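Asks: structure for this input, please:
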Amino acid sequence: MYRNGNPATTFDALNTSEYNGATGAQQVVRYITNHDVNGSDGTPVALFGGKAGAMSAFVLTALYKGVPMIYNGQEAGMSQAIPFPFTGVKVRWGQNPDVKRAYKQLLAARAGSAALRIGTPTAYSTANVCAFTKTAGSEQAFVVANVRNSAQTYFLPATLANTTWTDALTGGSLTLGTTLALPAYGYLVLKK
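Replies: Sure thing, here's the model as predicted:
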């Protein structure tokens, strides 16, 4: 989606097909890189068009239905690959404090929200924006991520238009209108 221009709705179809036949609490492990491909395919920063694209991709990985896996150095925003046998490259933890902070915020929001962790997703994606709600009991979350390296306008479905949410990452209140202006690779994680 991020590199080859496939529609963001591909995420919705993938999620549906991966869970076809799943029962109970079965979950898919999701990742944007791992030890098998980091050295050969590249880091998330290289694969997803920079730090912003890598973070947008991880938002979807961490919050769509499944369990997120983080590969060594990913949360530090490293642009240098860590190839096998994993001994020649040291993780530079202080290199990108903004990336580290974004990962901490996102994972804390996920840990603190049943909807974000285990909620049932409902897809609202378009060609350029992956969007979904997740519901667990009375708690609801809304995740929207621009998968393009250009600003996008997202037209909210009627069920989400003109609603008020809490920003799950910052704690602030946000009232949505009928559209969202998303910067390149921009995302929002909201909850009620």
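
Asks: every contact and neighbour count from this point should use C-alpha atoms.
Replies: OK.

Asks: and the residue most central in space within the chain, what are its phi and psi?
Replies: For the chain, Val59 is the residue whose C-alpha lies nearest the centre (CA atoms, centre = their mean; 1.5 Å). Dihedral pair for Val59: phi -60, psi -50, per degrees, to the nearest 10.

Asks: just the pLDDT for it.
Replies: Looking at Val59, its pLDDT is 95.

Asks: does it touch Leu106 like I think?
Replies: Yes - Val59 lies in contact with Leu106 (CA atoms under 8 Å); the separation is 7.4 Å.

Asks: how about the strands in this structure?
Replies: 29-30, 67-68, 120-123, 129-136, 139-146, 152-155, 164-167, 173-175, 179-182, 187-191 (DSSP state E).

Asks: most tightly packed of those?
Replies: strand 139-146 (a mean of 24; mean count of other CA atoms under 10 Å).

Asks: what's that one in contact with?
Replies: 56, 59-60, 63, 114-116, 119, 128-135, 152, 182-192 (CA atoms under 8 Å, 6 or more residues apart in numbering).

Asks: neighbours around Gly42, how many?
Replies: The number of residues packed around Gly42, counting by other CA atoms under 10 Å, is 18.

Asks: return the helix or strand bottoming out on mean pLDDT in the chain as CSV; C-alpha atoms alone will do.
Replies: Every helix and strand in the chain was compared by mean pLDDT, DSSP states H and E; the lowest is helix 38-41, with a mean of 76. This file holds the C-alpha atoms of helix 38-41, laid out as CSV (Å, rounded to 0.1, in the frame of the first residue of the first chain):
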residue,chain,number,x,y,z
ASN,A,38,15.3,-6.2,8.0
GLY,A,39,18.8,-6.8,6.5
SER,A,40,17.7,-7.8,3.0
ASP,A,41,14.5,-5.7,2.4
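
Asks: identify each buried residue in it, please.
Replies: For helix 38-41, burial by neighbour count (16 or more other CA atoms under 10 Å) applies to Asn38, Gly39.

Asks: now do stretch 13-26
Replies: Applying 16+ other CA under 10 Å to stretch 13-26 flags Asn15 as buried.

Asks: in space, what's closest to Pro183 - neighbours in sequence excluded?
Replies: Ala151 (4.3 Å; CA to CA, 6 or more residues apart in numbering).

Asks: if anything else comes up later, I'll come back, but that's it for now.
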